[in-house]
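Participant: I would like the atomic coordinates for the input below:
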Amino acid sequence: MNTKDNDKNGSKGNTGIKNNGSVKSPRFTVRHRAGKAPLMMHDLSECTGEGDCIHEQGIHQVEDHASAKPTGNKTKRVVPVKSIRATAKPHKKLLTAKKAVIGESNPESASEIEIDTEVDKSTTTQVEPKPSANVSQLKLVKNIVENNRKLFTGGFIATLVVGIIAGSTFGIGKMLPANTDVVQFVTGMVTDAHADQLSQQGKVSDAILEYEKAIQQSPNDLTAYKKLATIYELETREWTKAIKVLKDALIINDSDSDVHRLLAYAQFWNGETMDAAKSAQKAIDLRRGDSVATSTMALIVAAGGDLSKGKDLIQQAMNTDPNNSAVISNAALFYRLYAKDDSKAEELIRKAIKMSPTDVNNWWELSNILRNENKKDDAEQALRKAHTMQPDSGYRSADLASYLASTSVKKYDEAADLYRQAIAQGFDDANTVDSLGAALFNGGKYSEAAIEYQKAVDLQPDNTDHVLMLGRSQYQAKNYTAAKDAFTKLVNMDGKYTSYNWLGVTNFAAGDYNAAVSNFNAALRIKNNDATLWANLANATDKLGDTFDAADYAFNGLDLDANNDTVWSAIDQIGNHMIKNNQRDLARELFSEAAGYQSTSAGRSQVVSDLNRLS
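Facilitator: Below is the predicted model of the structure:
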């Protein structure tokens with residue numbers, strides 16, 4: 001019984017069996033695990049001083065000092081940090097029309113920034129800053145920095161903070177916007193530094209959560225916005241999320257060239273070519289000679305069809321900044337995607353790797369180029385290098401798994417292990433689960449595959465691909481009752497002839513030939529020019545003992561495709577049933593007529609052999 005599924009074969013991104021029976025799993029959509037608990041301590045006594053003490057220790061420290069009984073008449077009570085609306089999203093009226101740049105030394109700019117200083121009136125009242133309060137804040141901030149000393153280098157942050165609060169002779173105090181809560185600002189700095197550590201360790205999901213928290217704690221500091229967007233762009237390929245973060249950053253300051261450049265890159269990969277071009281041009285206008293923005297513009301222009309101009313821009317960027325690995329990496333991407341010169345692309349990306357050997361994305365791009373050059377082993381090693389550099393990254397685990405599960409590599413068991421690892425690391429969306437199911441299916445582990453496809457169906461109950469592969473896995477595992485339920489659901493979902501065919505095939509395997517005939521007929525009412533469907537109907541009809549109709553159905557299939565192996569198998573089966581029922585003359589007539597068809601199928605040779613045996 002043939003289980004051909006024409007709709008699934010050869011289509012990109014689906015999970016159908018393609019010729020050799022392999023399932024091509026869809027490309028996973030990566031994302032971080034929403035709601036995953038960040039790595040933090042809540043008790044100062046647990047602090048080891050080894051970099052694992054982050055902002056919440058500082059917050060608790062502040063609260064302890066703020067709630068302590070004053071020791072002198074001149075000591076002022078400090079408002080606890082937790083009472084400030086630090087978790088609110090950045091207010092969309094943070095800036096006036098001039099949108100002053102944060103960190104600008106011009107004192108006039110500070111007065112132009114409008115900060116939302118509203119507090120929760122149920123817990124506290126607004127306290128005007130006074131010199132004695134500043135002294136208390138200085139001590140508290142110093143405690144925060146001391147408790148997180150391992151996050152910083154050479155005491156630079158501590159010195160900067162002292163200057164900010166004390167308004168040192170160097171005027172550092174003017175760097176912060178007016179009305180900025182200093183403790184809150186430094187707490188955000190600590191969180192940002194801890195996120196940097198997590199990112200460097202490849203703990204992408206945890207880093208994302210920490211950068212989001214840093215933005216909440218210090219919503220006017222663009223640093224965390226840019227770092228979070230960079231992770232979305234280079235680590236998880238979540239372009240929509242990157243775009244949202246960067247647009248939020250532009251509300252704060254639309255004159256930051258880095259934000260516009262990052263936005264252009266995300267829009268480019270998200271298919272928003274026109275918007276990407278505008279963002280890239282804005283970045284170039286804001287910072288003349290920005291080679292990275294120029295190389296990004298080259299990619300955008302090439303994507304729009306102007307390869308010549310794109311090539312000129314790439315060369316211009318490399319001439320301007322020949323030692324910038326980001327520029328060289330973009331140039332490699334240009335030659336791989338648009339100039340179609342893999343040799344040049346490989347030369348450039350290897351140069352970028354020499355410049356920045358710890359940039360994991362360069363190794364990822366090298367693997368893409370090597371795959372184009374059919375250097376499978378080298379491509380695999382490049383991906384393994386990327387995974388080794390970020391072993392805790394679910395994105396890297398899933399990316400390596402996807403390559404190992406491809407039909408050109410077929411390392412399905414290792415791929416399945418890596419998909420499980422990726423899911424445990426937070427990449428637990430339906431597409432990743434589906435990819436795990438595909439790796440197990442192609443590895444012959446049908447029962448395990450069915451479990452994963454059931455999870456995918458639970459996550460996306462309206463996805464017909466998940467339901468189809470659930471049914472196919474159960475069918476291969478010989479769990480025909482469960483397979484019949486899955487294919488019945490599929491028929492009700494899409495009503496395609498392939499779905500009816502699968503249901504008929506399952507009925508046939510379970511011995512329910514009447515139901516099989518009914519479903520094959522339903523499929524033929526939708527598409528009656530499919531030779532395999534006629535062969536399946538012939539087989540089921542023959543099982544019911546109606547050999548004459550079965551023979552007619554088989555010849556219908558032979559008329560449509562004389563090289564169809566399933567049709568020849570049906571003819572051979574029907575003829576042998578005639579012989580078994582002492583209908584040798586009918587069998588001889590059947591075989592003789594079939595032998596008159598010219599065919600390259602091995603099934604014809606078997607029919608001719610049967611005919612000779614009857615002579």
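Participant: got the contact list for the strand or helix carrying Arg525?
Facilitator: Assessed by DSSP states H and E, Arg525 sits inside helix 513-526. Residues outside helix 513-526 that contact it (Cβ atoms under 8 Å, 6 or more residues apart in numbering): 495-498, 500-501, 503-505, 507-508, 530, 533-534, 536-537, 540-541, 543-544. Backbone N, C-alpha and C define where each C-beta goes, glycine included.
Participant: so where's the chain uncertain?
Facilitator: Within the chain, the segments meeting pLDDT under 70 span 1-195, 197, 199-202.
Participant: strands along that one, start to end?
Facilitator: 17-18, 22-23 (DSSP state E).
Participant: isn't Ser397 right up against Thr432?
Facilitator: No: using Cβ atoms under 8 Å, Ser397 is not in contact with Thr432; the gap is 9.6 Å.
Participant: neighbour count for these two, which is higher?
Facilitator: Taking other Cβ atoms under 10 Å, Ser397 and Thr432 do not tie; Thr432 has more neighbours (29 against 25).
Participant: return the distance of the more buried one relative to Lys496.
Facilitator: Look at Thr432 and Lys496: by Cβ to Cβ, to the nearest Å, they are 26 Å apart.
Participant: ok, Leu586 next?
Facilitator: For Leu586, the distance to Lys496 - Cβ to Cβ - is 36 Å.
Participant: ok, now Ser408?
Facilitator: Taken as Cβ to Cβ, the span from Ser408 to Lys496 is 29 Å.
Participant: which of these two has more neighbours?
Facilitator: Under the criterion of other Cβ under 10 Å, the comparison of Ser408 against Lys496 puts Lys496 first, with 19 against 9.
Participant: mind checking the backbone torsions on that one?
Facilitator: phi -80, psi 160 (degrees, to the nearest 10).
Participant: state the distance from it to Tyr597.
Facilitator: Separation of Lys496 from Tyr597 (Cβ to Cβ): 30 Å.
Participant: again, but for Asn536
Facilitator: From Asn536 across to Tyr597, the span is 19 Å (Cβ to Cβ).
Participant: ramachandran coordinates for Gly511?
Facilitator: Torsion angles, degrees, to the nearest 10, at Gly511: phi 90, psi 10.
Participant: burial of it, as a residue count?
Facilitator: The burial count for Gly511: 10, using other Cβ under 10 Å.
Participant: before we move on, what about the one 3 residues further on?
Facilitator: Residue crowding around Asn514 was assessed by other Cβ under 10 Å; the count is 11.
Participant: also Asp549?
Facilitator: 14.
Participant: ok, Pro357 next?
Facilitator: 12.
Participant: from Ser325, how far off is it?
Facilitator: 9 Å.
Participant: identify the contacts common to Ser397 and Thr432.
Facilitator: Applying Cβ under 8 Å, 6+ apart, one finds that Ser397 and Thr432 are jointly contacted by 419, 422.
Participant: which residues of the stretch 151-300 of the chain fall in helices?
Facilitator: 156-166, 182-200, 204-217, 222-234, 239-252, 257-269, 273-286, 291-303 (DSSP state H, counting those that start in this stretch).
Participant: tell me the helices and strands packed up against the third one.
Facilitator: Contacts defined by 3 or more Cβ pairs under 8 Å, 6 or more residues apart in numbering; DSSP states H and E place helix 204-217 against helix 182-200, helix 222-234, helix 394-404.
Participant: same thing with the last one?
Facilitator: With contacts defined as 3+ Cβ pairs under 8 Å, 6+ apart, the secondary structure elements packing on helix 291-303 are helix 257-269, helix 273-286, helix 307-320, helix 325-337.
Participant: for Asp465, find the nearest of those helices.
Facilitator: Nearest to Asp465, of all the helices and strands packed on helix 291-303, is helix 257-269, at 24.2 Å by Cβ to Cβ.
Participant: which parts of that closest one are buried?
Facilitator: Across helix 257-269, burial judged by 16 or more other Cβ atoms under 10 Å covers 257-268.
Participant: give me the angle between it and helix 222-234.
Facilitator: Inter-element angle recorded for helix 257-269 and helix 222-234: 20 degrees (by axes from the mean of the first three to the mean of the last three Cα atoms, to 10 degrees).
Participant: my guess is Thr230 meets Leu262, correct?
Facilitator: Yes: the pair Thr230 / Leu262 is scored as a contact, 6.7 Å apart, by Cβ under 8 Å.
Participant: got the contact list for Gly504?
Facilitator: 515-520, 522-523, 536, 540.
Participant: neighbours of the spatially closest residue to it that is not a sequence neighbour, how many?
Facilitator: Leaving aside its sequence neighbours, Gly504 sits nearest to Asn519 (Cβ to Cβ, 6 or more residues apart in numbering; 3.5 Å). The number of residues packed around Asn519, counting by other Cβ under 10 Å, is 28.
Participant: and for Asp413?
Facilitator: Neighbours of Asp413 (other Cβ under 10 Å): 15.
Participant: same deal with the one 5 residues further on?
Facilitator: Here the count is done by other Cβ under 10 Å, and Leu418 has 26 residues near it.
Participant: need the contact list for it.
Facilitator: Applying Cβ under 8 Å, 6+ apart, the residues near Leu418 are 397-398, 400-401, 404.
Participant: how near is the spatially closest residue to it that is not a sequence neighbour to Thr320?
Facilitator: Leaving aside its chain neighbours, Leu418 sits nearest to Ala401 (3.6 Å; criterion: Cβ to Cβ, 6+ apart). Distance, Ala401 to Thr320, by Cβ to Cβ: 39 Å.
Participant: comparing these two, which residue is more hemmed in?
Facilitator: Counted by other Cβ under 10 Å, Ala401 and Thr320 do not tie: Ala401 has more neighbours, with 30 against 15.
Participant: and the nearest residue to Leu262 once chain neighbours are set aside, how many residues sit next to it?
Facilitator: Once flanking residues are discounted, Leu262 sits nearest to Ala229: 5.1 Å by Cβ to Cβ, 6+ apart. Each residue near Ala229 was counted by other Cβ under 10 Å, and the total is 28.
Participant: now swap in Arg613 and tell me
Facilitator: Counted with other Cβ under 10 Å, Arg613 comes out at 11.
Participant: relative to Val259, how far out is it?
Facilitator: Applying Cβ to Cβ, the value for Arg613 to Val259 is 80 Å.
Participant: repeat that for Ser205.
Facilitator: For Ser205, the distance to Val259 - Cβ to Cβ - is 24 Å.
Participant: check Asn581 too.
Facilitator: Distance from Asn581 to Val259, by Cβ to Cβ: 81 Å.
Participant: returning to what we had before: the residue nearest to Leu262 contacts Leu246, correct?
Facilitator: Yes: if you go by Cβ under 8 Å, Ala229 and Leu246 touch, sitting 5.0 Å apart.
Participant: need the residues touching each of these two.
Facilitator: Taking Cβ under 8 Å, 6+ apart as the criterion, Ala229 and Leu246 both touch 259, 262-263, 266.
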